[in-house]
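Q: sequence and predicted structure below; questions after.
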Number of protein chains: 2
Amino acid sequence: MSGAHTTEPDHEFIVVVVEPETPGNVGTIARAMKNFGIYDLRLVNPPPLDPDGEAYGFAGHAREDVLPNATETTLAEVVAEYHTIGTTAVSHEDSTRHVRYPFKTPTEIADSLESVKTKTALVFGREGTGLDNDELSMLDEVCCIPADGRYPVLNLGQAATILMYELRQFTVEETQLPDVERERASEAEIDVVYRFFDDLLDAIDYSEHKRDKTSQMMHRLVGRAHPTEREAATLTGVLRRAAEHARNPERFRDD
Amino acid sequence: MSGAHTTEPDHEFIVVVVEPETPGNVGTIARAMKNFGIYDLRLVNPPPLDPDGEAYGFAGHAREDVLPNATETTLAEVVAEYHTIGTTAVSHEDSTRHVRYPFKTPTEIADSLESVKTKTALVFGREGTGLDNDELSMLDEVCCIPADGRYPVLNLGQAATILMYELRQFTVEETQLPDVERERASEAEIDVVYRFFDDLLDAIDYSEHKRDKTSQMMHRLVGRAHPTEREAATLTGVLRRAAEHARNPERFRDD
């Protein structure tokens, strides 16, 4: 609002649901919004959302913020303020009409938004009939989720979930998942596994002429599994102990 | 089973739901299965699925096949026959335990299955508590959906939908969407747009020294929008007509 140094986010998303028929679906969408870091829900002509009813029942933790903060709006208001993406299961089969064609898939939507700064509204339609042609013609882009041609019509809440999932790079600052990169064992730690494996081959008098090939196999197998530090250490321990047993069976038998 | 020439598919998927609590979620999962071309649903200790109840109510067209063909099973039976992928919202924060770590994201699962031929079971847990550690320890791999760290727990049906969506390359032979590649206008057709745009600049006596820059802008704008044949033709028609009006305003005024 003020101050030369405030920075606006590159992406701001709202979710708009046009004439949802069942409160449960509004709740489902609200939950998925919170799962993927979108908090601004706008409803066009919604059913009553009873705090003791299905909308709140299906919303999970979104019952605390997304759902009670949802506001009513009209499609015209949304179009005036946002870059709008309408969703539909059915696109035209050819390019001779403009309402549902060209479309983008959710991945393509994500790719195309990457290089622009924009306020975007994700617009979903009714459970039964979706957005009609008049509504879609008001919107800037059309998004279709690729599904099985024999039954491509997703449930409203599931379609919304997939689109938000695909846009998470813009809305989720930090996921629940640990940073995978840091957790792979170092090459040095993994090399220890190979060394003790080779030592085990030696300890069990493994056929000399097959040894190189088998050692190579172990490199390939462990290498493509990207072991964690803990896994490499555990494996090293097992291999070392096996080699010791092979070399000094009587020592362990005496224990 | 027989015949040297029968070819098995590289990938076969089943969906397993362990102790689903509410029939509605079973229906939701069945619908998403049909949307993404998976038909084999196995249930561990499910609630009764009344044909007039929520499971069938939420299943869409999957009420015709996926749901009535669902069978009861045990996790041990599934583990014996399939490569198993368990889903959980919560992974460990470090690599010192093996039950929920390492995990793969749905995209990573898809990538890793690409180069192998396998029968895979996607295993989902209870709505409230998911799969427990004992169950996860029976399974081959763990899948986590990256979501907002502040509220990463997706609804069961939505989590299942995302994983199946990400695996669609293995299960969906043909989507509902037309082949996009074929529908882009040819370069020749798009060049006609540029030619008539330049002609319009000429017809409206557009400043000579800005003409190249503006022409270039039009190339960039239209180029990155990948117009369809129809769009290119429509745009060409508008530009041509605008140029004609600019050159012979009296002719059109007389009409």
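A: Cool, got the structure. Numbering: from 1, shown residues only, chains lettered A, B, ... in the order given.

Q: and residue A:141, what does it touch?
A: A:83, A:84, A:85, A:86, A:103, A:104, A:109 (CB atoms under 8 Å, 6 or more residues apart in numbering or on different chains). (Each C-beta comes from the backbone N, C-alpha and C, glycine too.)

Q: contact partners for the residue nearest the centre of chain A?
A: When CA atoms, centre = their mean is applied to chain A, the residue found nearest the centroid is residue A:165 (4.5 Å). Shown in contact with residue A:165 (CB under 8 Å, 6+ apart): A:32, A:36, A:106, B:145, B:147, B:162, B:165.

Q: can you do 7 Å?
A: Residue A:165 makes contact with A:36, B:162, according to CB atoms under 7 Å, 6 or more residues apart in numbering or on different chains.

Q: what about it, which SS state?
A: Following DSSP: H, G, I helix; E, B strand; the rest coil, the label given to residue A:165 is helix.

Q: show me which of the contacts of residue A:141 are buried.
A: For these, a burial check counting by 16 or more other CB atoms under 10 Å in any protein chain shown picks out A:84, A:85, A:86, A:103, A:104, A:109.

Q: now residue A:33. Nearest residue, chain neighbours left out?
A: Spatial nearest neighbour of residue A:33, excluding adjacent residues (CB to CB, 6 or more residues apart in numbering or on different chains): residue A:66 at 5.2 Å.

Q: re earlier: among the contacts of residue A:141, which one has the lowest pLDDT?
A: When the contacts of residue A:141 are compared by pLDDT, residue A:103 scores lowest at 83.

Q: isn't it up against residue A:142?
A: Yes. Counting by CB atoms under 7 Å, residue A:142 is a contact partner of residue A:103 at 4.3 Å.

Q: any residues in contact with both of those two?
A: Common contacts of residue A:103 and residue A:142, defined by CB under 7 Å, 6+ apart, comprise residue A:91.

Q: residues making contact with stretch A:187-198?
A: Contacts for stretch A:187-198 (CB under 7 Å, 6+ apart): A:215, A:218, A:219, A:222, A:227, A:229, A:232, A:235, A:236, A:239, A:240, A:243.

Q: okay if I get these as JSON lines plus secondary structure?
A: Output for those, formatted as JSON lines (three-state DSSP):
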{"residue": "A:215", "secondary structure": "helix"}
{"residue": "A:218", "secondary structure": "helix"}
{"residue": "A:219", "secondary structure": "helix"}
{"residue": "A:222", "secondary structure": "helix"}
{"residue": "A:227", "secondary structure": "coil"}
{"residue": "A:229", "secondary structure": "helix"}
{"residue": "A:232", "secondary structure": "helix"}
{"residue": "A:235", "secondary structure": "helix"}
{"residue": "A:236", "secondary structure": "helix"}
{"residue": "A:239", "secondary structure": "helix"}
{"residue": "A:240", "secondary structure": "helix"}
{"residue": "A:243", "secondary structure": "helix"}
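
Q: which of these sits closest to residue B:41?
A: For these, the minimum distance to residue B:41 (CB to CB) is 34.2 Å, reached by residue A:227.

Q: chain A: strands as residue ranges?
A: A:11-18, A:40-44, A:71-72, A:83-87, A:118-124, A:141-143 (DSSP state E).

Q: can I get those in JSON lines with distance to residue A:61?
A: Compiled in JSON lines, the strands of chain A are given as follows (distance: least, CB to CB, whole Å):
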{"stretch": "strand A:11-18", "distance to residue A:61": "16"}
{"stretch": "strand A:40-44", "distance to residue A:61": "14"}
{"stretch": "strand A:71-72", "distance to residue A:61": "20"}
{"stretch": "strand A:83-87", "distance to residue A:61": "24"}
{"stretch": "strand A:118-124", "distance to residue A:61": "20"}
{"stretch": "strand A:141-143", "distance to residue A:61": "27"}
